[in-house]
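Q: What follows is a protein structure lacking sequence information:
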Ligand code: SF4
């Protein structure tokens, strides 16, 4: 029997906080997955997006010392490093030689490096490789630059943009609930400040991502609250752009036709051996690649917005949090349900990421049938989640990424 939540989704009505909690606590996990998959197909057909990208982390020396973090090192720690601008450029050059089109550049909060150093890095990359996208510095770093340089968020972002910054990554959001933040990252900026940095970036026309680190000490309610706060900010940003009109990407009643395509041409079963989860997939020929439903992105460049929501699974190895707090390992079902609920609530954010670095390759493939549509990228030399115990490779070839996507019965679509 149809539930009120399914009726709301069918009519384009927004899900509430209580709906989100019910999807976690009352609904069968496969049913939530089917609903999210229907929304995903409505938006993207069988496309799954990826990018050829590389990560560069100029330093890991950090004064913030978040218990959740395995990447950072205190000043004087033998694990600590600082790359020179020349060394950063060398890494970027190598990445460009490997056809990378986007650099994901994030660091820690170094105790003494001035804002000018971070600007110099962006300028050097941009001057050497002007067509390269530079997605750089989390909201935590932007707020720290403003603090150390005595500038406003607006001024910091303007300077970085004039140096060549293209977009902001979504890191540092963790879980917005302040009680949880006190446990996992007590010295980090508050949720309000994180949101304010992205609000200012959007107003300036900078596109950003948003993330949520889950699977540690948070509750389902706190996950839902986090997702809804992101939806609210996206509303604000899109309204600004549309002259006061809100917008969501899905308005058609996808449920009217039921969950499965009427005439699937080809069926396949996708399995995650580690979790025992398998899923029968339907192949819908109507929605492949260029025939996928077109998505109305915010159109003006005068205002930015969240392009992608990145659900990040917590890995606790080598973290103070896991040494001092018992944390039950999160189940694959819980991970997939969280991705699916995100897709269902965030109807105003275009992409939901299946971040293979923290999910593992097999579960990331399965997630493409639980609401996710973006497989991230080649992620050459990821360090932050690997230091915390992620045992995925530290980078994948483009061919391998494409094989994973086609193995999940989706069509790989390369983003530039
Ligand atoms: S999460 Fe970021 S701010 Fe916190 S300790 Fe790690 S690098 Fe520093």
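A: That came through fine. None of these values were measured; they are calculated from a predicted model.
Q: Quick check: what element follows the helix or strand encompassing residue 41 along the chain?
A: Element membership of residue 41, judged by DSSP states H and E, is helix 29-44. Counting by DSSP H and E, the next helix or strand C-terminal to helix 29-44 is strand 47-51.
Q: Check which helices and strands that next one sits against.
A: strand 374-377, helix 398-407, strand 411-414 (3 or more CB pairs under 8 Å, 6 or more residues apart in numbering; DSSP states H and E). (Glycine included, C-beta is placed from N, CA and C.)
Q: Would you convert these into TSV that also reports distance to residue 156, mean neighbour count and mean pLDDT?
A: Output for these, formatted as TSV (distance: least, CB to CB, whole Å; neighbours: other CB atoms under 10 Å; pLDDT from 0 to 100):
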stretch	distance to residue 156	mean neighbour count	mean pLDDT
strand 374-377	26	26	95
helix 398-407	34	17	96
strand 411-414	32	18	97
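Q: As a markdown table, those with distance to residue 241 would be great.
A: Listed next are the helices and strands packed on strand 47-51 as a markdown table, based on distance: least, CB to CB, whole Å:
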| stretch | distance to residue 241 |
| --- | --- |
| strand 374-377 | 22 |
| helix 398-407 | 31 |
| strand 411-414 | 25 |
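Q: Ok, which of these comes nearest residue 325?
A: With CB to CB, the closest approach to residue 325 among those belongs to strand 374-377: 28.4 Å.
Q: what does that closest one rub up against?
A: 48-53, 102, 308, 351-357, 364, 368, 401, 404-405, 412 (CB atoms under 8 Å, 6 or more residues apart in numbering).
Q: what do you get for stretch 80-96?
A: 54, 56, 58-61, 73-74, 103, 105, 110, 113, 117, 120-121, 124-125, 128-129, 132, 380-381.
Q: Name the residues of that stretch that are buried.
A: Along stretch 80-96, these residues count as buried under the neighbour rule (16 or more other CB atoms under 10 Å): 80, 83, 88, 89, 91, 92, 95, 96.
Q: check whether that stretch contacts the ligand.
A: No: Stretch 80-96 is not in contact with the ligand by CB under 6 Å from any ligand atom; minimum separation 11.4 Å.
Q: just how off-centre is that stretch within its chain?
A: Relative to the mean C-alpha coordinate of its chain, stretch 80-96 is positioned 24 Å out (CA atoms, centre = their mean, to the nearest Å).
Q: Kindly report the same for stretch 39-52.
A: In terms of CA atoms, centre = their mean, the centre of stretch 39-52 is set 15 Å apart from its chain centre.
Q: before we move on, the earlier item: for ChimeraX, write a command that selects the buried ones of the contacts of strand 374-377.
A: In ChimeraX syntax, the buried subset of the contacts of strand 374-377 is picked out as below (16+ other CB under 10 Å):
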select :48,49,50,51,52,53,102,308,351,352,353,354,355,356,357,364,368,401,404,405,412
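Q: check contacts around the one residue in the stretch 101-250 of the chain that gets nearest to the ligand.
A: Closest to the ligand within the stretch 101-250 of the chain is residue 108: 3.5 Å, counting by CB to the nearest ligand atom. By CB under 8 Å, 6+ apart, the residues touching residue 108 are 57, 59, 60, 61, 62, 64, 71, 72.
Q: pLDDT score for the nearest residue to it once chain neighbours are set aside?
A: Once flanking residues are discounted, residue 108 sits nearest to residue 62: 3.3 Å by CB to CB, 6 or more residues apart in numbering. For residue 62, the model assigns a pLDDT of 97.
Q: those helices in the stretch 51-200 of the chain, which residues are they?
A: 85-97, 115-128, 139-149, 153-163, 178-184, 191-203 (DSSP state H, counting those that start in this stretch).
Q: so which of these comes closest to residue 395?
A: Of the helices of the stretch 51-200 of the chain, nearest to residue 395 by CB to CB is helix 85-97, at 9.8 Å.
Q: Residues of the stretch 151-300 of the chain that sit close to the ligand?
A: 185, 188.
Q: what ranges of the stretch 151-300 of the chain fall below the confidence cut-off?
A: Along the stretch 151-300 of the chain, the model assigns pLDDT under 70 to residues 244-300.
Q: let's go with 80 and repeat that
A: 241-300 (pLDDT under 80).
Q: Against the ligand, how distant is the residue nearest to residue 108?
A: Distance of residue 62 to the ligand, given as CB to the nearest ligand atom, to the nearest Å: 3 Å.
Q: and the most centrally placed residue in the chain, what does it touch?
A: Centroid-nearest residue in the chain: residue 310, 1.9 Å away (criterion: CA atoms, centre = their mean). Applying CB under 8 Å, 6+ apart, we find residue 310 in contact with 170, 209, 210, 211, 212, 353, 355.
Q: Verify the stated contact: the last one with residue 368.
A: No: the pair residue 355 and residue 368 fails to qualify as a contact (CB atoms under 8 Å) at a distance of 11.8 Å.
Q: hmm, back to that, per-residue pLDDT of the residue nearest to the centre of the chain, please?
A: So residue 310 comes in at 98 (pLDDT).
Q: any idea which helix or strand carries it?
A: Per DSSP H and E: strand 306-313 holds residue 310.
Q: What are the contacting residues of the helix or strand that that strand is followed by?
A: Toward the C-terminus, strand 306-313 is succeeded by helix 320-324 as the next helix or strand (DSSP H and E). For helix 320-324, contacts defined as CB under 8 Å, 6+ apart pick out 65, 67, 68, 183, 184, 216, 217, 316, 327.
Q: and these, which are buried?
A: Buried among the contacts of helix 320-324 (16+ other CB under 10 Å): 65, 67, 68, 183, 184, 216, 217, 316.
Q: Show me the strands in the stretch 251-400 of the chain, by range?
A: Listed in chain order, the strands of the stretch 251-400 of the chain (DSSP state E, counting those that start in this stretch) span 266-272, 277-283, 306-313, 351-352, 374-377.
Q: Assess the claim that residue 113 and residue 59 are in contact.
A: Yes: counting by CB under 8 Å, residue 59 is a contact partner of residue 113 at 6.8 Å.
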